[in-house]
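# turn this into a model:
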Amino acid sequence: MKPRDLALAGLIVLVWGVNFAITKVGLAGLPPMLLGALRFVLAAFPAVLLVRPPQVPLRWYLAYGLTISVGQFALLFTALYVGMPTGLASLVLQAQAFFTLLLGAWWLRERWQRPQLVGLGLAALGLGCIGSAHGAAMPWLGFVFTLGAALSWSCGNIVSRQISRLGPINQFAFVVWASLVPPLPFLALSLWLEGPQAMHAALAGLNLASLGAVAYLAWGATLLGYGLWTYLLSRYPANQVSPFTLLVPVVGLTTGWLAFDEALQPVHLAGGALLMLGLGVNLFGARLLQRWRTRGA
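Reported below is the predicted structural model:
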């Protein structure tokens, strides 16, 4: 990966890591499905008036919007709403890297390399270390919803790789126009699950904290984060890009500790170190192994 793209990946990690704490702030004043609807309304408007839609078939807009947007965030917001700690949610959601590896091999025929498997093994050990410190603090439903969100995200990653095969496109414009897909499904889910009275009460009681959370989720996490994410997936294989998100829990756990006093224990630090080591092996292992073999020859 080029140094510039590595820096962009680091920015995504920071933006998405803080995203979990911001979501919790938003859920204090808005129910989950309504929060999702407002997020993508603000992500789409007025941005759709400023950029042209890329020449991508409608089915890929729908596939992207329903997987990486509706599926992921309907489940993730619900998980946080039922009591999933923000730091732990940021951790469990990174199962998407493993799901993407499996789906990429099955659907896109992307080959696994030994350093990638070793790196993901180290990362899995790091995830296990961090997760072991929470124990009973993790609600069962929250865990299931977050795993479902991770699977939806990985499906969206595969959609992004398929779109990249259509040729170069404006990734930012694609994310903007794909944001037109989620509002109606989210509103329908809100009417069904939360009810019109809860929706009206939440909208009538909107405060600056809720509005700020919606703005961050729309402009920071969606337009900036997913715009850059789609850009990276268009340039590199999914199994090379997705491991970067394994660093998101380090930011998420730290933010949860600072904002909500969610305990950050030594085992979290050890797990974070393993995550970074796994990422390093994934990114640079093949190059180092090739260099070692060349010297040995």
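
# which stretches of the stretch 101-250 of the chain have low pLDDT?
Within the stretch 101-250 of the chain, the ranges that satisfy pLDDT under 70 run 108, 133-138, 238-239.

# can you give me the strands in it?
All residues of the stretch 101-250 of the chain lie outside strands when identified by DSSP state E, counting those that start in this stretch.

# where along it do the helices fall?
114-132, 140-164, 171-178, 183-189, 196-204, 208-215, 227-235, 238-241, 248-260 (DSSP state H, counting those that start in this stretch).

# got these as a markdown table, with distance to residue 73 and mean neighbour count columns?
C-beta coordinates here come from the backbone N, C-alpha and C atoms, glycine included. Below are the helices of the stretch 101-250 of the chain laid out as a markdown table (distance: least, CB to CB, whole Å; neighbours: other CB atoms under 10 Å):
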| stretch | distance to residue 73 | mean neighbour count |
| --- | --- | --- |
| helix 114-132 | 21 | 19 |
| helix 140-164 | 7 | 21 |
| helix 171-178 | 13 | 24 |
| helix 183-189 | 8 | 18 |
| helix 196-204 | 17 | 12 |
| helix 208-215 | 12 | 17 |
| helix 227-235 | 14 | 21 |
| helix 238-241 | 20 | 23 |
| helix 248-260 | 15 | 21 |
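
# among those helices, which is nearest residue 33?
Nearest of those to residue 33, taken as CB to CB: helix 183-189 at 4.3 Å.

# what sits up against that closest one?
Helix 183-189 is contacted from outside by 33-34, 36-37, 40-41, 44, 66, 70, 74, using CB atoms under 8 Å, 6 or more residues apart in numbering.

# just put these in a markdown table and tack on pLDDT, secondary structure and distance to residue 88.
Shown next, in a markdown table, are the contacts of helix 183-189 (pLDDT from 0 to 100; DSSP: H, G, I helix; E, B strand; the rest coil; distance: CB to CB, whole Å):
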| residue | pLDDT | secondary structure | distance to residue 88 |
| --- | --- | --- | --- |
| 33 | 98 | helix | 22 |
| 34 | 98 | helix | 24 |
| 36 | 97 | helix | 20 |
| 37 | 98 | helix | 26 |
| 40 | 97 | helix | 25 |
| 41 | 97 | helix | 29 |
| 44 | 96 | helix | 31 |
| 66 | 97 | helix | 26 |
| 70 | 98 | helix | 23 |
| 74 | 97 | helix | 19 |
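
# between all of those residues, which two are separated the most?
34 and 66 (18.2 Å).

# who has more neighbours, the two?
Between residue 34 and residue 66, residue 34 has the larger neighbour count (other CB atoms under 10 Å), namely 25 against 19.

# contacting residues around the more buried one?
Shown in contact with residue 34 (CB under 8 Å, 6+ apart): 186-187, 190, 194, 198-199, 202-203.

# dump the helices of the stretch 101-250 of the chain to a markdown table, plus distance to residue 53.
A markdown table is the format used below for the helices of the stretch 101-250 of the chain (distance: least, CB to CB, whole Å):
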| stretch | distance to residue 53 |
| --- | --- |
| helix 114-132 | 35 |
| helix 140-164 | 13 |
| helix 171-178 | 4 |
| helix 183-189 | 16 |
| helix 196-204 | 29 |
| helix 208-215 | 23 |
| helix 227-235 | 14 |
| helix 238-241 | 24 |
| helix 248-260 | 29 |
